[in-house]
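Chemist: quick one, fold the following:
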Amino acid sequence: MQDTLLNTSLTEHFESIGARLVPFAGYMMPVQFSGLKAEHAAVRTAAGLFDVSHMGELHFQGAAAFDFLQYLLAGDVAKARPGRCLYTVLLNDEGGIIEDLLVYGLAQDRFMLVVNASNRMEVVAVIGERLASWALDNGRADEVTLVDRSDTTGLIALQGPASDAIVEQVIPGAESLEFYDNREFDHPVFGALIVSATGYTGERGFEIYCSVEQTVSIWNTLMEAGAPSGLIAAGLGARDTLRLEKGYCLHGQDIGPSRTPVEAGLNWTVGWKTEFAGKAALVRQKESGVQVKRVGIKLLDRGIPRAGHEVVDSAGEVVGEVTSGTQSPTLNAPIGMAYVNVVLAQVGTQFAVRIRNKDVAAEVVKVPFC
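Modeler: Numbering: from 1, shown residues only. The predicted model follows:
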């Protein structure tokens, strides 16, 4: 168990400018700078800059790297060809989601997995055990290596419709990346970079991987270049409301080891024609059907749904549970996600969310919310 909170390369800078820092996933991270609503609006209309250096970066290399990752992950890793990214999941034997992650295809024999900070060490341990077993069983121990570069990698996310104009000034050529493209750069000032047209906000944007030594310089350069376009620093608070409005899952709340991609509505992350660890359980569940399903909800009365709130039917019986919720800054309405009995999962179905012993009317709505 980690007792001491970690800092990113930018923590000291954030303290100096008065950012509100909170413990998150073992790190001290900025939850807000100028205010959640302002930061949220900036990303939707101009641009916001996020420090997400707490995320983990796992690098795989070797002649067997592709074959191992195809066995390890539920997605079709062939889609992570050089220069492309793939969002998929790592499963346990019961089909539960140990982790959701991005796969970066860097070359035919080189890949990077980007994993959540909150359970990085667990994920690394699971992958390490599976790699040792798979390599031994297949006689390929010398054909794939795993290196965890999380502690030496900084990660900055530039998000919003003005991102292209900003990134072009700092990393020329990055603006040409299509959605889910990635490219390695040898920058004359910042050195080796990996840039991808990805993000967690639903807006056009870029994620920039660099050495920890260059993180502050890149941050400051982007902020200066983006100031005329309305770029502001943004914290984890806005990152959460932004991702929720787009219906993106948060590991540990909306998905986890007790939920499968079938229940979570993430069938699209699975390469059903490929073979991978945990597939048998998913196939059985897909054929037999699920009992619960993740849905988007909107409250019809005053209140805010929060993780852990019960969903109840007209008779007051518990039929589900909220996993994420907020007051949407864009819609100015209370929204959330919940797992409910599958018979209640159709858009337009009404029930209630129990908030402080009061049942507040709600209905199932389409995701993304906006």
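Chemist: so what pairs up with residue 181 in the strands?
Modeler: residue 84 (DSSP bridges).
Chemist: any idea how far it lies from residue 311?
Modeler: Distance of residue 181 to residue 311, given as Cβ to Cβ, to the nearest Å: 39 Å. C-beta here means a position set from N, CA and C on the backbone, and glycine is covered the same way.
Chemist: those helices in the stretch 201-350 of the chain, which residues are they?
Modeler: 215-226, 236-245, 261-264, 279-288 (DSSP state H, counting those that start in this stretch).
Chemist: okay, and for this structure, where does confidence drop off?
Modeler: Residues of the chain meeting the criterion pLDDT under 70: 1-3.
Chemist: who's more crowded, residue 181 and residue 311?
Modeler: Comparing residue 181 with residue 311 by other Cβ atoms under 10 Å, the one with more neighbours is residue 311, at 25 against 16.
Chemist: partner residues bridging the nearest residue to that one once chain neighbours are set aside?
Modeler: In this structure, residue 311 finds its nearest non-sequential neighbour in residue 320, 3.5 Å apart by Cβ to Cβ, 6 or more residues apart in numbering. Residue 320 forms beta bridges with residue 311, residue 340, as assigned by DSSP bridges.
Chemist: from what I can see residue 320 touches residue 343, true?
Modeler: No: counting by Cβ atoms under 8 Å, residue 320 stays clear of residue 343, with 10.9 Å between them.
Chemist: out of the two, which sits in the more crowded spot?
Modeler: Neighbours per residue, other Cβ under 10 Å: of residue 320 and residue 343, the larger number sits with residue 320, 24 against 11.
Chemist: between the helices of the stretch 201-350 of the chain, which gets nearest to residue 132?
Modeler: helix 279-288 (20.7 Å; Cβ to Cβ).
Chemist: distance to residue 51 and mean neighbour count added to the helices of the stretch 201-350 of the chain, as TSV?
Modeler: Output for the helices of the stretch 201-350 of the chain, formatted as TSV (distance: least, Cβ to Cβ, whole Å; neighbours: other Cβ atoms under 10 Å):
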stretch	distance to residue 51	mean neighbour count
helix 215-226	7	18
helix 236-245	9	23
helix 261-264	28	22
helix 279-288	35	14
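Chemist: can you say which of those is nearest to residue 199?
Modeler: Closest approach to residue 199 among those (Cβ to Cβ): helix 236-245, 9.0 Å.
Chemist: from the contact counts, what lies against that closest one?
Modeler: Where contact means 3 or more Cβ pairs under 8 Å, 6 or more residues apart in numbering; DSSP states H and E, helix 236-245 is packed against strand 27-32, helix 36-45, strand 47-51, strand 318-328, strand 333-341.
Chemist: I'd like to know which of the ones you listed is closest to residue 133.
Modeler: Per Cβ to Cβ, nearest to residue 133 of these: strand 27-32, 31.4 Å.
Chemist: can you list the residues that contact that closest one?
Modeler: Contact with strand 27-32 is made by 5-8, 11, 14, 19-24, 39, 51, 54, 117, 233, 235-238, as judged by Cβ atoms under 8 Å, 6 or more residues apart in numbering.
Chemist: now swap in stretch 205-215 and tell me
Modeler: Contacts of stretch 205-215 (Cβ under 8 Å, 6+ apart): 8-10, 47, 51-53, 57, 112, 151-160, 163, 167, 171, 174, 177, 190-199, 218.
Chemist: re the thing from before, and the residue nearest to residue 311, what is it in contact with?
Modeler: The contact partners of residue 320, taken as Cβ under 8 Å, 6+ apart, are 292, 310, 311, 338, 339, 340, 341, 344, 351.
Chemist: and of these, the nearest to residue 84?
Modeler: Distance to residue 84 across the contacts of residue 320 (Cβ to Cβ) is lowest for residue 339, with 31.4 Å.
Chemist: ok, that closest one touching residue 290?
Modeler: No: Residue 339 is beyond contact range of residue 290, at 9.8 Å (criterion: Cβ under 8 Å).
Chemist: give me the number of residues near residue 188?
Modeler: Neighbourhood size, residue 188 [other Cβ under 10 Å]: 6.
Chemist: measure it to residue 90 for me?
Modeler: Taken as Cβ to Cβ, the span from residue 188 to residue 90 is 37 Å.
Chemist: so residue 229 touches residue 49, yeah?
Modeler: No: using Cβ under 8 Å, residue 229 is not in contact with residue 49, being 11.3 Å away.
Chemist: of these two, who's got more company?
Modeler: In this view residue 229 and residue 49 are compared by other Cβ under 10 Å, and residue 49 has more residues nearby, 26 against 16.
Chemist: what pairs with that one across the strands?
Modeler: Per DSSP bridges, the residues bridged to residue 49 are residue 158, residue 233.
Chemist: at which residues are the strands of the stretch 1-150 of the chain located?
Modeler: Using DSSP state E, counting those that start in this stretch, the strands of the stretch 1-150 of the chain run over 20-24, 27-32, 47-51, 56-61, 85-91, 97-107, 110-115, 145-148.
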